[in-house]
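Chemist: this one's structure only:
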């Protein structure tokens, strides 16, 4: 996909970057990325993907901007309080890079629409803040064979991984699924959300920026995938750690005897909010 003279000027720091260059930038321009949630994690993902020149960015979120979002959800501003988050994000990204097409989806992600929506995109970045949405997104990405860059945060920490359970690693074993890492959601009420315990805004920015980097790597093929590894970040220490995660042959999605064969099991909850960190 050819770049215009203005795009060549805009992306020249990528074009002179050996591992990106013209071919990599063309891949970014041709790519379609879905960002689940326009909140704390989704904000830096959206900003950096738009700045990088990802051609089409879908953003799904059914919430509106509130004043207490602005401490960490940097894609929004004071004058968009009360505005749907996807509309606010679209305005910001249009100002940042008019060459990028933003597809706002002001709806809930649920078992009925997840497969169709995710199937329209090449890569998915999950910035949701609840386990129901995370399982739904990860399962849908598996069935659609789409790479999923997933992150989550705590008050001063967080983790990041890339999920490609439909593919195999160098040892010919499948990459782990989200259900290999988290076989079951914790009981309701045992994991407080950020509205209850708070979160350092810049920590969310660190994880979201790393997410954007991994999405760009998946599109361009630069470097090694984070699939099969969990990147942990602790802001208090501060430190990063990487741990290996393996395929669980007993997991219900991609194990030897899978019991999850479609998204119908998620329909019991009727609809799942695309909540955001």
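Modeler: Arrived safely. Since the structure is predicted, the reported quantities are computational estimates derived from the model, not experimental observations. Numbering: from 1, shown residues only.

Chemist: Remind me which helix or strand residue 112 belongs to.
Modeler: According to DSSP states H and E, residue 112 maps onto no helix or strand at all.

Chemist: My error: substitute residue 59 in the last question.
Modeler: Assigned by DSSP H and E, residue 59 belongs to strand 56-60.

Chemist: so residue 82 makes contact with residue 67?
Modeler: No - using Cβ atoms under 8 Å, residue 82 is not in contact with residue 67, being 9.3 Å away. Where you see a C-beta, it was placed from the backbone N, CA and C, and this is true even at glycine.

Chemist: Residue 135: what's it in contact with?
Modeler: 178, 179, 185, 266 (Cβ atoms under 8 Å, 6 or more residues apart in numbering).

Chemist: Looks to me like it is in a strand.
Modeler: No - the assignment for residue 135 (DSSP: H, G, I helix; E, B strand; the rest coil) gives helix, which keeps it out of a strand.

Chemist: How confident is the prediction for it, by pLDDT?
Modeler: Here the pLDDT value assigned to residue 135 is 97.

Chemist: What strand or helix carries the closest residue to residue 154 other than its chain neighbours?
Modeler: With Cβ to Cβ, 6 or more residues apart in numbering as the criterion, residue 154 has its nearest non-adjacent residue at 7.2 Å, and that residue is residue 199. Using DSSP H and E, residue 199 maps to neither a helix nor a strand.

Chemist: gap between residue 199 and residue 40?
Modeler: Noted for residue 199: a distance of 7 Å to residue 40, by Cβ to Cβ, to the nearest Å.

Chemist: if you count what's nearby, which of these two comes out ahead?
Modeler: Regarding residue 199 and residue 40, a neighbour count based on other Cβ atoms under 10 Å identifies residue 40 as having more, with 27 against 21.

Chemist: Contacts only, for the more buried one.
Modeler: Contacts of residue 40 (Cβ under 8 Å, 6+ apart): 72, 73, 127, 153, 194, 199, 201, 204, 205, 208, 276, 277.

Chemist: ranges for the strands of this protein?
Modeler: Along the chain, counting by DSSP state E, strands occupy 32-36, 56-60, 101-105, 123-126, 148-153, 157-163, 229-234, 239-244.

Chemist: Relative to residue 218, tell me which of those wins on proximity.
Modeler: Proximity to residue 218 (Cβ to Cβ) singles out strand 123-126 among the strands of the chain, at 5.2 Å.

Chemist: and the angle for the longest helix along the chain with strand 32-36?
Modeler: Ranked by number of residues, the top helix in the chain under DSSP state H is helix 201-220. Counting by axes from the mean of the first three to the mean of the last three Cα atoms, to 10 degrees, helix 201-220 lies at 150 degrees to strand 32-36.

Chemist: Check which helices and strands helix 201-220 is in contact with.
Modeler: helix 21-30, helix 42-52, strand 123-126, strand 148-153, strand 157-163, strand 229-234 (3 or more Cβ pairs under 8 Å, 6 or more residues apart in numbering; DSSP states H and E).

Chemist: Pull the distance from the second one to the chain's centre.
Modeler: For helix 42-52, the distance between its averaged C-alpha position and the chain's averaged C-alpha position is 11 Å (Cα atoms, centre = their mean, to the nearest Å).

Chemist: can you check the first one too?
Modeler: What separates the centre of helix 21-30 from the centre of its chain is 20 Å, taken as Cα atoms, centre = their mean.

Chemist: now the fourth one
Modeler: Taking Cα atoms, centre = their mean, one finds strand 148-153 lying 6 Å from the centre of the chain it belongs to.

Chemist: so where's the stretch 51-200 of the chain shaky on pLDDT?
Modeler: 190, 195 (pLDDT under 70).

Chemist: which neighbours does the strand holding residue 59 have in its sheet, and in what orientation?
Modeler: strand 32-36 (parallel), strand 101-105 (parallel) (DSSP bridges).

Chemist: Report the angle between the last one and helix 42-52.
Modeler: Note on geometry: by the same axes, to 10 degrees, strand 101-105 and helix 42-52 are set 160 degrees apart in direction.

Chemist: What residues of strand 101-105 count as buried?
Modeler: 102, 103, 104, 105 (16 or more other Cβ atoms under 10 Å).
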